[in-house]
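*Asks:* Provided below for reference: sequence and predicted model.
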Amino acid sequence: MTEQEARAVLLLQAVEDAPASALWTAEDRRWATRAAAQEVPADAPAEAVVVARARLAAQRLAPRDAGLRRALAARGWHAALPFAALLLGALLGVLSDGLVAGPYFNLLSPVFWGLLAWNLVVYALLAMPVPAVLKSGLARGLLLRVRGSGVLANFAARWATAAQTLARARIAALLHLGAAGLALGLVAGLVLRGLVLDYRAGWATTLLSVEAVQAALAWGFAPVWALTGHTPPDMAATAALRVLPGQGAAASAAPWIAHMALMLGLLVVLPRGLLAAAALWRARRLAQQFPLAVDDPAFARWQLAPAATLWALPLGQAPTPQAALGLRAVLGRVWGEGLALTLAAPLPWGEEEHPPAPPPGARVVVLVDLASTPEAEVHGRLLQALQTAQPLVVADEAGFVRRFGRGDRLAQRQGAWRALLGRTPFLSVDLEAPDLDAAERALRLALAH
């Protein structure tokens with residue numbers, strides 16, 4: 001999917017993780033699923049289903065909330081940003097010309113040599129493996145985050161995580177272009193100065209001897225000497241370039257400006273340009289093929305076809321119609337609203353060792369009343385008989401809560417059931433008035449463990 005499609009997908013995911021409200025109702029969920037089913041072929045990949053459902057949902061969400069509308073329309077990248085970064089760097093380079101130039105071209109300019117040293121350090125750091133935690137933290141810090149709670153904050157957190165690779169590529173491209181522009185601007189400023197002034201070159205220092213300066217120029221401009229075939233200045237020539245008190249610089253700055261331009265081109269502009277091009281290519285590829293995993297369990301209820309077939313076996317008595325609807329709603333939050341759920345006839349007490357066989361391939365859900373005391377002779381035998389089906393036990397709290405409330409007694413009864421069931425997934429929920437968000441979180445946690 002594209003970057004914008006991924007934004008819509010993650011925004012809808014944040015909306016559907018929030019408590020149901022007028023912004024996005026249960027009917028809206030069902031409509032989005034049905035509409036996607038009509039638009040996407042039956043054999044379409046899961047990614048196409050997710051993208052279509054998010055796009056259709058955005059058509060309803062955008063008119064309802066200005067914040068969501070802005071989030072959907074937002075663009076994290078503009079085609080002019082690379083040019084802006086290059087021009088900004090060039091402007092800073094031209095402005096820094098005054099620091100380099102002065103009354104004469106300083107061959108020991110800290111700006112020039114500092115710029116070269118800084119870029120060499122950057123190249124060394126780029127060649128080193130960077131810990132994933134550091135890269136993730138850098139991307140998160142540079143991305144715009146929405147503070148607080150709510151749908152937009154949830155979306156911002158999801159987007160910061162999902163888009164960190166894309167953001168790193170874009171930020172790297174801008175930084176590389178800014179650095180290349182800085183070098184180009186520095187050279188342009190000096191060239192302009194040389195065109196309108198009789199510009200001279202020299203050096204002046206209190207701490208360095210002529211020998212040290214000659215060695216610095218020989219080693220510092222070594223790539224230039226190698227490419228041009230020129231030789232570095234000897235001791236006499238270096239001494240002649242020295243600017244003494246009361247004397248001005250005498251040597252022409254033209255050859256030294258050319259040398260400096262060649263050095264910056266070789267060590268800054270060319271490498272940074274190649275790195276920027278690679279980063280832009282990587283960012284473009286990620287924006288066109290955004291790496292969002294749609295096989296995540298969070299997208300299970302978005303699928304058009306039933307993600308699973310479930311078979312619910314009540315023990316002792318059938319659930320009330322309201323509880324049956326609550327059971328479907330809770331299971332639908334994990335397995336999708338189109339799940340195939342069959343409610344079997346209640347298993348009479350005393351028949352725990354001989355339950356009916358579930359349909360082939362169906363996930364078994366044992367429905368019990370939390371008010372019942374968990375007993376190994378009853379419930380344990382039933383689970384032993386259903387062991388090959390890997391059952392899920394759902395306990396209806398409705399009757400227990402009406403009698404005893406939600407205090408410590410409820411927690412003690414839930415603990416007793418968990419102690420009996422051991423590693424069998426267990427969910428305790430009021431099926432007649434379920435908190436679907438809390439029930440979904442608890443069910444996912446139970447299934448994960």
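*Replies:* Everything's here; your move. Numbering: from 1, shown residues only.
*Asks:* and for the helix or strand encompassing residue 364, what are the contacting residues?
*Replies:* Under the criterion DSSP states H and E, the helix or strand holding residue 364 is strand 363-369. By C-beta atoms under 8 Å, 6 or more residues apart in numbering, the surrounding residues in contact with strand 363-369 are 308-317, 319, 327, 331, 358, 379, 382-383, 386, 389-396, 399-400. Every C-beta, even on glycine, is put in place using the N, C-alpha and C of the backbone.
*Asks:* ditto for stretch 73-87
*Replies:* Counting by C-beta under 8 Å, 6+ apart, 3, 7, 163, 167, 170, 173-175, 177-178, 180-181, 184, 276, 280, 283, 287 sit against stretch 73-87.
*Asks:* What are the boundaries of the strands in the chain?
*Replies:* Secondary structure of the chain (DSSP state E): strands located at 105-106, 200-202, 251-252, 309-314, 340-343, 363-369, 392-396, 426-429.
*Asks:* Put together TSV for the ones you listed, with mean pLDDT on each row.
*Replies:* Shown next, in TSV, are the strands of the chain (pLDDT from 0 to 100):
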stretch	mean pLDDT
strand 105-106	80
strand 200-202	85
strand 251-252	83
strand 309-314	90
strand 340-343	88
strand 363-369	91
strand 392-396	93
strand 426-429	93
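*Asks:* For the ones you listed, could you give me CSV that also reports mean neighbour count and distance to residue 405?
*Replies:* Formatted as CSV, these follow (neighbours: other C-beta atoms under 10 Å; distance: least, C-beta to C-beta, whole Å):
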stretch, mean neighbour count, distance to residue 405
strand 105-106, 24, 83
strand 200-202, 21, 89
strand 251-252, 16, 94
strand 309-314, 21, 24
strand 340-343, 16, 29
strand 363-369, 22, 16
strand 392-396, 25, 16
strand 426-429, 22, 14
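*Asks:* export those to CSV and tack on distance to residue 52?
*Replies:* Shown next, in CSV, are the strands of the chain (distance: least, C-beta to C-beta, whole Å):
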stretch, distance to residue 52
strand 105-106, 63
strand 200-202, 66
strand 251-252, 69
strand 309-314, 24
strand 340-343, 22
strand 363-369, 27
strand 392-396, 30
strand 426-429, 31
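*Asks:* List the ones among the contacts of stretch 73-87 that fall in helices.
*Replies:* Counting by DSSP state H, the part of the contacts of stretch 73-87 found in helices is 3, 7, 167, 170, 173-175, 177-178, 180-181, 184, 276, 280, 283, 287.
*Asks:* Residue 429: which of those residues is nearest?
*Replies:* Residue 429 lies nearest to residue 7 out of these, by C-beta to C-beta, at 33.3 Å.
*Asks:* show me the contacts for that closest one.
*Replies:* 71-72, 74, 159 are the contacts of residue 7 under C-beta under 8 Å, 6+ apart.
*Asks:* So which of those belong to helices?
*Replies:* Going by DSSP H, the helices hold 71-72, 159 from the contacts of residue 7.
*Asks:* out of these, who's nearest residue 93?
*Replies:* residue 159 (34.3 Å).
*Asks:* distance of the residue lying closest to that closest one once chain neighbours are set aside from residue 24?
*Replies:* Distances taken as C-beta to C-beta, 6 or more residues apart in numbering put residue 10 closest to residue 159, at 5.7 Å, once the chain neighbours are dropped. Between residue 10 and residue 24 the distance is 14 Å, computed by C-beta to C-beta, to the nearest Å.
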